[in-house]
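Asker: quick one, structure for this:
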Amino acid sequence: MLRITKNRLTPHRPGRTFPPFGPERIITKAPLFTPSSSPGTTSAPGAISILGIGLANIAGTLTARWLGKHYSRKNLLALIYFLRTVMSALFIMLPITPATVLLFSLGMGPLWLATIPLTSGLVAHIYGLRYMGTL
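Answerer: Here you go, the predicted structure:
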């Protein structure tokens, strides 16, 4: 991939130019949004939100795998990305309380890694198993 730097095209160096804006930032940033994350208070709401994301991740990934066998993977991916957007927008618009952080964690958890079985299924279907390593 090429990028423009000082009016020249230079090779893109992964990890050096673009900050990560994916769901991986949720696990590190969402617990910080809890009102009890100020000094001298307990970190239980943050830990519970990470637990909620992890448990919901398992259910969401297994559900996406099953749905990918029975429905269009392309449409399911579009639905997952749409629901991620809705969840993120609601989290930004609502007041930040331990309850909203927990609800966001439980809502985003199933959507977080649910794209993996669908994307790998699409790559295997379109390009064949030979190119699964490029994923």
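Asker: what mean pLDDT does the helix or strand where residue 110 lies have?
Answerer: Using DSSP states H and E, residue 110 sits within helix 98-112. Taken as a whole, helix 98-112 carries a mean pLDDT of 87.
Asker: same deal with stretch 128-135?
Answerer: When pLDDT is averaged along stretch 128-135, the result is 80.
Asker: elements contacting the helix holding residue 110?
Answerer: Using 3 or more C-beta pairs under 8 Å, 6 or more residues apart in numbering; DSSP states H and E, the elements in contact with helix 98-112 are helix 44-70, helix 73-93. Heads up, the C-betas are built off the backbone N, CA and C, glycines and all.
Asker: going by neighbour count, which residues of whatever helix or strand comes next after it are buried?
Answerer: Using DSSP H and E, the helix or strand that directly follows helix 98-112 along the chain is helix 115-127. Judged by neighbour count using 16 or more other C-beta atoms under 10 Å, the buried positions of helix 115-127 are 115, 117-118, 121-123.
Asker: out of those, the closest to residue 75 would be?
Answerer: Comparing the buried residues of helix 115-127 against residue 75 with C-beta to C-beta places residue 118 closest, at 9.8 Å.
Asker: test my guess that the closest one contacts residue 77.
Answerer: Yes - contact status for residue 118 versus residue 77: in contact at 5.1 Å, counting by C-beta atoms under 8 Å.
Asker: on that earlier part again, and the buried residues of helix 115-127 as CSV, adding distance to residue 102 and pLDDT?
Answerer: Compiled in CSV, the buried residues of helix 115-127 are given as follows (distance: C-beta to C-beta, whole Å; pLDDT from 0 to 100):
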residue, distance to residue 102, pLDDT
115, 23, 90
117, 26, 91
118, 26, 92
121, 31, 89
122, 32, 89
123, 34, 88
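Asker: mind showing which ranges of the protein have poor pLDDT?
Answerer: Where the chain drops to pLDDT under 70, the residues are 1-42, 135.
Asker: at 50 what do you get?
Answerer: When residues are selected by pLDDT under 50, those of the chain lie in 1-3, 7, 9-12, 15-21, 37.
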